[in-house]
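# Sequence first, predicted coordinates after that:
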Amino acid sequence: MIIFDDIGSYPLPAGVNKEWVAGAVKTGDQKLVNIIRDTMRQKIDAGVDVPTYPQFQDMTQQFLGIINDESAQEEPLIVRREKARIMELEAIEEVGTEYYRKNGKKLNVRVCVTGPVELYLKQFGGTAYKDVLNAFAASIDRFIGNSIDNAKQIRIATVSIDEPSIGINPQIMFNDSDLIDALEKAAKTAAAHKIDTEIHLHSPLHYKLVCRTPSIDVIGVESAANPSYLDLIDKKDLNDNDKFLRIGAARTDIFGMAAVLNEKYGTNVWKEPAKLSEITTEMETPAIIAKRLEKAYGIFGDRIKYAGPDCGLGSWQSQQLASSLLRNTGLGIKEFLKNKFNR
């Protein structure tokens, strides 16, 4: 069984921008709540098994804004449990109610939190203060715990810790032991609830570090745009440490794919957005996605537990285009499973 999930970020509707979102979060604007709900419905309708709450906020500021608020702190950089809220999860409770009425079961949801290393780099850069890193980790664990405890009409089925800088950013000065300790602390509550816990990496260069982190059991690999990333991972390491993979089965590097179309047509496709539809009608089709999964399965077999788009879709041109990619991804996963297992 391969579970179809998505990373989280998504295009805003036409006429809405990030600046408006930042203000709407502060004022509790109902329009933003409605946008979040409508987007979640799009993900469900596209067939995502475990959709992530729609991410429209800045990935670091969403958490740092609360963690750095002295009125929300238990001690410096450690947020009080009741203040560790992800407002998007509260917004989609209504969608969960609709889903339950229609399907007779709770909606499985993926929670994505920005990891302690990423938060640390944003606020402190290349210095290395282990106690500060652990404070961020403790706060992130509280966001996860609060999300689990307060989920009513939804079920937190997967937690993802987003750490794009690990393996890429040379500013990281912490040793492996410090990084493992921080990731373990951030994932502690999710693991205690036996919830699948992923780490979303942009490069699997340091995947062995995650193999040594007991609380994280799924390693994300952006292998659709970068097939060679699969060559960096040894299945034996996964078996020996009982780790699984989340495979990127559909490309999300919209600018790279648009560049191919620019060359094909000798034009700027961003000014002719209709041509961008070729991304989902010719470049990222269900058949191509199924072939990627077949190749990855040939290497890792049942160590693949999740599949979906490489990364988030926030930079995509429209919600319609993003929804088409999600739909193609789901169809590609189904095609692979049917061909491989007659399911």
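On my side now, so go ahead. Treat the numbers as computed from the prediction; the structure is a model and nothing was measured. Residues are numbered from 1 along each chain as shown.

# buried sites along stretch 151-161?
Ala151, Gln153, Ile154, Arg155, Ile156, Ala157, Thr158, Val159, Ser160, Ile161 (16 or more other Cβ atoms under 10 Å). Yep, even glycine has a C-beta here, placed from its N, CA and C like the rest.

# Would you confirm that the fourth one contacts Leu107?
Read it as Arg155. Yes: at 6.8 Å, Arg155 counts as touching Leu107 under the criterion of Cβ atoms under 8 Å.

# and stretch 24-33, which residues are buried?
Neighbour counts over stretch 24-33 (16+ other Cβ under 10 Å) mark Ala24, Val25, Leu32, Val33 as buried.

# does the second one sit in a helix or strand, and which one?
Counting by DSSP states H and E, the element that carries Val25 is helix 18-27.

# go on, the last one?
Here Val33 sits within helix 30-45, counting by DSSP H and E.

# Could you export the buried residues of stretch 24-33 as CSV, including distance to Trp270 and pLDDT?
CSV is the format used below for the buried residues of stretch 24-33 (distance: Cβ to Cβ, whole Å; pLDDT from 0 to 100):
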residue, distance to Trp270, pLDDT
Ala24, 26, 96
Val25, 28, 94
Leu32, 26, 97
Val33, 30, 97
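
# which one of those residues is nearest Ser165?
Minimum distance to Ser165 across the buried residues of stretch 24-33 is 24.3 Å, recorded for Val25 (Cβ to Cβ).

# The closest one contacts Gln55, doesn't it?
No: between Val25 and Gln55 there is no contact under Cβ under 8 Å: 12.0 Å.

# Tell me if Gly167 really is in a helix.
No: according to DSSP: H, G, I helix; E, B strand; the rest coil, Gly167 belongs to no helix; its state is coil.

# What values do phi and psi take at the residue of the chain positioned farthest from its centre?
What lies farthest from the middle of the chain is Gly266; by Cα atoms, centre = their mean that is 34.0 Å. Main-chain dihedrals, Gly266, degrees, to the nearest 10: phi 60, psi 40.

# okay, it: pLDDT?
pLDDT for Gly266: 93.

# Please list all residues in contact with it.
The contact partners of Gly266, by Cβ atoms under 8 Å, 6 or more residues apart in numbering, come to none.

# Show me the strands in the chain, by range?
In the chain, the strands defined using DSSP state E lie at 3-4, 73-75, 78-79, 107-114, 154-162, 196-200, 218-221, 244-250, 304-309.

# if I read this right, Ala151 contacts Leu89, doesn't it?
Yes: if you go by Cβ under 8 Å, Ala151 and Leu89 touch, sitting 6.9 Å apart.

# shared neighbours of these two, anything?
Counting by Cβ under 8 Å, 6+ apart, the residues touching both Ala151 and Leu89 are Val109.

# remind me which residues of the chain are low pLDDT?
For the chain, residues meeting the criterion pLDDT under 70 lie at 343.

# Recalculate using a threshold of 80.
By pLDDT under 80, the weakly predicted segments of the chain are 342-343.

# show me the contacts for the residue nearest in space to the middle of it.
With distances taken as Cα atoms, centre = their mean, Ile7 lies nearest the centre of the chain, 2.7 Å away. Counting by Cβ under 8 Å, 6+ apart, Ile7 touches Thr52, Cys112, Ser160, His200, Thr252, Gly308, Pro309, Asp310, Cys311, Gly312, Leu313.

# I'd like those as a markdown table, with distance to Ser223 appended.
Conversion of the contacts of Ile7 to a markdown table gives the following (distance: Cβ to Cβ, whole Å):
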| residue | distance to Ser223 |
| --- | --- |
| Thr52 | 19 |
| Cys112 | 19 |
| Ser160 | 16 |
| His200 | 13 |
| Thr252 | 12 |
| Gly308 | 11 |
| Pro309 | 11 |
| Asp310 | 7 |
| Cys311 | 11 |
| Gly312 | 16 |
| Leu313 | 17 |
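
# who wins for most neighbours among these?
When neighbours are taken as other Cβ atoms under 10 Å, the top entry among those is Gly308 (30 neighbours).

# Look up how far Gly298 lies from that residue.
19 Å (Cβ to Cβ, to the nearest Å).

# for Asp69, same thing?
For Asp69, the distance to Gly298 (Cβ to Cβ) stands at 49 Å.

# These two: which has the busier surroundings?
Asp69 (12 against 9).

# what about the nearest residue to Ser160 once chain neighbours are set aside, neighbour count?
Leaving aside its sequence neighbours, Ser160 sits nearest to Glu198 (Cβ to Cβ, 6 or more residues apart in numbering; 4.2 Å). When neighbours are counted by other Cβ under 10 Å, Glu198 registers 27.

# Which residues are in contact with Glu198?
Contacts for Glu198 were tallied using Cβ under 8 Å, 6+ apart; they are Thr158, Val159, Ser160, Ile161, Ile216, Asp217, Val218, Ile219, Gly220, Arg246, Tyr306.

# hey, which helix is longest across this protein?
Secondary structure of the chain per DSSP state H: the longest helix is helix 319-341.
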